[in-house]
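Q: here's my sequence, what's the structure:
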Amino acid sequence: MSELRPQYGVVIVGAGPTGLTLANILGMYGIDTLLVERNPATVGEPRAVSIDDESLRTMQFIGLADTVRSRIVEGYGSHYFSPRGRCFARVLPDVMEYGYPRRSAFRQPILEAQLRDGLQRFPTVRTRFSTRVTRIVEEDSAVRVGLAAADGAVDEVRARYVAACDGARSGTREALGIKLGGSTYGERWLIVDLAGSTDRFRHTRVYCDPARPALALPGPDGTRRYEFMMLPGETPEQVLDEARVRALLARHSAEDARLEIVRKAVYHFHARIADRWRAGRILLAGDAAHLSPPFAGQGMNSGIRDAQNLGWKLAHVLAGDLGAGALESYEAERRPHAWDLIRMAMRMGHVMMPGSRANAFLVQSALRALSLYPPARDYIMQMKYKPKPHFAAGLLAGDAGPRLRGRMFAQPLVERADGTKVLLDEVLGKGFAVLEWDDGRLPLAPRGGERPLRASAVRVIPRDHRFIPASDAGVQQVRDLTGTISAWFDAARVRGVVLRPDRYVAACLDRESAADEADRALQALVRLSNSGTEATQRTLPLDLAIA
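A: Predicted structure coming up:
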């Protein structure tokens, strides 16, 4: 076990997907980070099973996309079946707006191991497993964190910030007295994970049967998960009986009923969100901040979005590039989107869990009717019902009018001047970036020195143009291979955008504006971050004993 330092930039509590992703982001930026986990290792049993395009983009951001993609099943959909076994709807998304498939199947133990191994790249990140956080004491300029190891050793470290990623039963959140709003589903579900499947069907089967709603989800390496809704009067002891489990499986697949059962458990599903996500220098993320029903597969993915949003802001604040007020935008940006996804999951639950045969008939009839109308069919097939990430308020600059401001920018393939073809983020770097359209007609800002926030400069030429050597040093040129960037700029009537490290549009560059508009937008972000306070929602003295 490595020796602890007395001082860290960030202490992360909890080594689930959220905490591990956050640690990788901070390590990438060179921030001294301590990751603390009460368990002796990352999880060994399956939990979350679906990873989306935004999360894979984050894996790309931390340099682990190829590693993660080597062990997942990319691009699966869902088939919905009536009680009589008829497929009445299909969701088969094939668009890759952010560079990756909308949904892919993964195994959480593998992902967590990959993320943990990824931390070995960063000398500034230390991990302490089998260690509990016992006390958090906030002072004016730091937080003292008490630690207790399994062998009885006791330590104390100081940190500028604490990120509580300690799960649904977050001891940090409870010690802060932060309540969870929302509701817990009355229905309980039996989760069964299987190994050794030879079923070649790559999509989820959703059995919309009022008598027993169920799902069968594919996984990598021959794994498969079933989820069965428990009926009124059933007890966990009854449904966890192995003979009962195999009888439920046999209703849908005789082969699956004979497979090895890796795990079986009973879950309550929650639709809840924390009343606040910050208390002074302590910030909540992942399941500590929000809990989602599993029907949309967004619980873990929302936690990774938290880590991405919080990680680069902490890094830039600790490096002195942004003021501490930048952290005030974390909850303002993440909370509305997290809640939108929770509500989407609840709506999907109504489709998957029809309360009666009459309700099932109405839902199935409506979906069949929609499938006859191409725009509606495309809305369902391509998962356009999934709320797109969009910030109405937060760390943004300029006029709120343009439609791109506050949205995650697309990530198409682009071509470099040397002929290599890469996803857009590979040329943007890990910091702020200015992306401009260069068709030879619009006036572009000449670049002689370093931009505010050390933003990189990338100019995009139309796909029908050839490369002309750039006259400005430090400016990259790429070709719009697919026409996606042109389409986004034309639809919003802009000549460029200022992109944050998480690839959200911080500001739009108007076609008729001054050439130095990008620099002014970057300077506005710095001013905005300096206008906030370090002690948002702080009540001193803060001295927490963590259970």
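
Q: average pLDDT for stretch 5-16?
A: Per-region confidence: stretch 5-16 scores 96 on mean pLDDT.

Q: buried set for it?
A: Of the residues in stretch 5-16, 8-16 count as buried by neighbour count, 16 or more other CB atoms under 10 Å. C-betas here are computed from N, CA, C, even on glycine.

Q: in strands only, show me those residues.
A: Assigned to strands by DSSP state E, the following of those qualify: 8-13.

Q: and the residues you listed as CSV, adding distance to R405?
A: Shown next, in CSV, are these (distance: CB to CB, whole Å):
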residue, distance to R405
Y8, 35
G9, 30
V10, 29
V11, 34
I12, 31
V13, 34
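
Q: what are the structural domain limits within this protein?
A: 7-73+106-180+271-348, 413-499+504-530 (automatic domain parsing).

Q: which helix or strand in this structure has the lowest average pLDDT?
A: helix 374-381 (a mean of 46; mean pLDDT, DSSP states H and E).

Q: sorry, back to before: most widely separated two among the ones in strands among the buried residues of stretch 5-16?
A: G9 and V13 (14.6 Å; CB to CB).

Q: that older thread, so for E242, which of the domains of the chain sits nearest?
A: Nearest to E242, of the domains of the chain and by CB to CB, is domain 7-73+106-180+271-348 at 16.7 Å.

Q: now the strand or helix carrying R144: mean pLDDT?
A: Using DSSP states H and E, R144 sits within strand 143-149. Per-residue pLDDT over strand 143-149 has a mean of 95.

Q: same question for stretch 455-468.
A: 91.

Q: straight-line length of it, end to end?
A: Distance between the boundary residues of stretch 455-468 (CA to CA, to the nearest Å) amounts to 23 Å.

Q: and if you look at stretch 46-60?
A: Across stretch 46-60, the terminal residues are separated by 23 Å (CA to CA).

Q: how far off centre is that stretch?
A: For stretch 46-60, the separation from the chain centroid amounts to 7 Å (computed by CA atoms, centre = their mean, to the nearest Å).

Q: what's the answer for stretch 88-95, then?
A: 22 Å.

Q: buried residues, it. List them.
A: Residues of stretch 88-95 classed as buried: 88-89, 91-93 (neighbour count, 16+ other CB under 10 Å).

Q: below-threshold pLDDT in the stretch 101-250 of the chain: ranges please.
A: 184-186 (pLDDT under 70).

Q: quick one: average pLDDT of the longest helix anywhere in the chain?
A: When the chain is parsed with DSSP state H, its longest helix is helix 329-352. Mean pLDDT, computed over helix 329-352, is 80.

Q: on that earlier part again, strand partners (parallel or antiparallel) of the strand holding R144?
A: Neighbouring strands of strand 143-149 in its sheet, by DSSP bridges, are strand 131-138 (antiparallel), strand 154-164 (antiparallel).

Q: now the last one: buried residues?
A: Buried residues in strand 154-164, counted by 16+ other CB under 10 Å: 157-164.

Q: including distance to S130, could those residues go into a markdown table?
A: Listed next are the buried residues of strand 154-164 as a markdown table, based on distance: CB to CB, whole Å:
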| residue | distance to S130 |
| --- | --- |
| V157 | 16 |
| R158 | 22 |
| A159 | 20 |
| R160 | 25 |
| Y161 | 23 |
| V162 | 19 |
| A163 | 20 |
| A164 | 19 |
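
Q: re earlier: quick one: which of the strands paired with strand 143-149 is nearest R116?
A: The nearest among the strands paired with strand 143-149, by CB to CB, is strand 131-138 at 14.7 Å.

Q: what comes up buried for the closest one?
A: For strand 131-138, burial by neighbour count (16+ other CB under 10 Å) applies to 131-138.

Q: ditto for stretch 135-150
A: 135-138, 142-143, 145-148.

Q: now those in JSON lines, with distance to E237?
A: Shown next, in JSON lines, are the buried residues of stretch 135-150 (distance: CB to CB, whole Å):
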{"residue": "R135", "distance to E237": "39"}
{"residue": "I136", "distance to E237": "39"}
{"residue": "V137", "distance to E237": "44"}
{"residue": "E138", "distance to E237": "45"}
{"residue": "A142", "distance to E237": "49"}
{"residue": "V143", "distance to E237": "44"}
{"residue": "V145", "distance to E237": "40"}
{"residue": "G146", "distance to E237": "39"}
{"residue": "L147", "distance to E237": "38"}
{"residue": "A148", "distance to E237": "35"}
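
Q: from the buried residues of strand 131-138, pick the one nearest Q238.
A: Of the buried residues of strand 131-138, the one sitting nearest to Q238 (CB to CB) turns out to be R132, at 35.1 Å.

Q: ok, that closest one - contacts?
A: R132 makes contact with 36, 38, 147-148, 546, according to CB atoms under 8 Å, 6 or more residues apart in numbering.

Q: buried residues, stretch 485-495. List them.
A: Using 16+ other CB under 10 Å as the test for burial, stretch 485-495 gives 485-486, 488-489, 492, 494-495.

Q: phi, psi of A168?
A: phi -60, psi -30 (degrees, to the nearest 10).

Q: before we move on, back to that, show me which pair in the buried residues of strand 154-164 is furthest apart.
A: So, the buried residues of strand 154-164 by CB to CB: farthest apart are R158 and A164, at 16.7 Å.

Q: quick revisit: quick one: the strand holding R144 to strand 7-13, angle?
A: On the basis of axes from the mean of the first three to the mean of the last three CA atoms, to 10 degrees, strand 143-149 is oriented at 60 degrees to strand 7-13.

Q: send me strand 143-149 as CSV with only the CA atoms.
A: Provided in CSV are the C-alpha atoms of strand 143-149 (Å, rounded to 0.1, in the frame of the first residue of the first chain):
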residue,chain,number,x,y,z
VAL,A,143,-11.2,19.7,4.3
ARG,A,144,-9.8,17.3,6.9
VAL,A,145,-10.7,13.7,6.1
GLY,A,146,-10.3,10.9,8.7
LEU,A,147,-9.6,7.4,7.4
ALA,A,148,-9.8,4.0,9.1
ALA,A,149,-8.2,1.0,7.4
